[in-house]
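# heads up, no residue letters with this:
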């Protein structure tokens, strides 16, 4: 009588039919693990140092592109709310 006995889970040896690669296809890893070194949580000082170094090594072209997009969106917003730019000029 299995009144106090817990059921054992069934074990399956499933392999995907069309998967041809190395390693397990079911391995869960972080989304940015290959590109960044700041993913690992060791201690606060090391994490901040890695984040600052990663920020310094950023591509300058993408930074300029993002700045231009933000500037254009700000001017569009100011135009929509009918902001008077003549207060900055004499």
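Looks like it came in fine. Note that the coordinates shown come from a computational prediction; the quantities given were computed from them, not determined experimentally. Residues are numbered from 1 along each chain as shown.

# Show me the shaky parts of the protein.
The chain contains residues with pLDDT under 70 at 1-2, 25, 32-41.

# Swap in 80 and give it another go.
The model of the chain has pLDDT under 80 over residues 1-3, 13-42, 50-51, 54-63, 85-90.

# the helices in it, which residues?
When assigned using DSSP state H, the helices of the chain occupy the ranges 44-56, 60-80.

# Return the most buried member of these.
Mean neighbour count (mean count of other C-beta atoms under 10 Å) peaks for helix 44-56 among these, with a mean of 11. Where C-beta positions appear, they are placed from N, C-alpha and C, glycine not excepted.

# starting at the chain centroid, how far to that helix?
Helix 44-56 sits 16 Å away from the centroid of its parent chain (C-alpha atoms, centre = their mean, to the nearest Å).

# And stretch 45-58, by the same measure?
Relative to its parent chain, stretch 45-58 has a centroid offset of 15 Å by C-alpha atoms, centre = their mean.

# Then stretch 75-86?
33 Å.

# who touches it?
Taking C-beta atoms under 8 Å, 6 or more residues apart in numbering as the criterion, no residue outside stretch 75-86 touches it.

# gap between the two ends of that stretch?
Using C-alpha to C-alpha, to the nearest Å, one end of stretch 75-86 lies 14 Å from the other.

# again, but for stretch 17-30
End residues of stretch 17-30 are separated by 25 Å (C-alpha to C-alpha).

# before we move on, what about stretch 79-90?
By C-alpha to C-alpha, the extent of stretch 79-90 from end to end equals 20 Å.

# go on, stretch 48-67?
Across stretch 48-67, the terminal residues are separated by 24 Å (C-alpha to C-alpha).

# what's the distance between it and the middle of its chain?
Counting by C-alpha atoms, centre = their mean, stretch 48-67 is centred 14 Å from the centre of its parent chain.

# Take the helices of the chain and write them to a markdown table, including distance to residue 6.
Output for these, formatted as a markdown table (distance: least, C-beta to C-beta, whole Å):
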| stretch | distance to residue 6 |
| --- | --- |
| helix 44-56 | 41 |
| helix 60-80 | 55 |
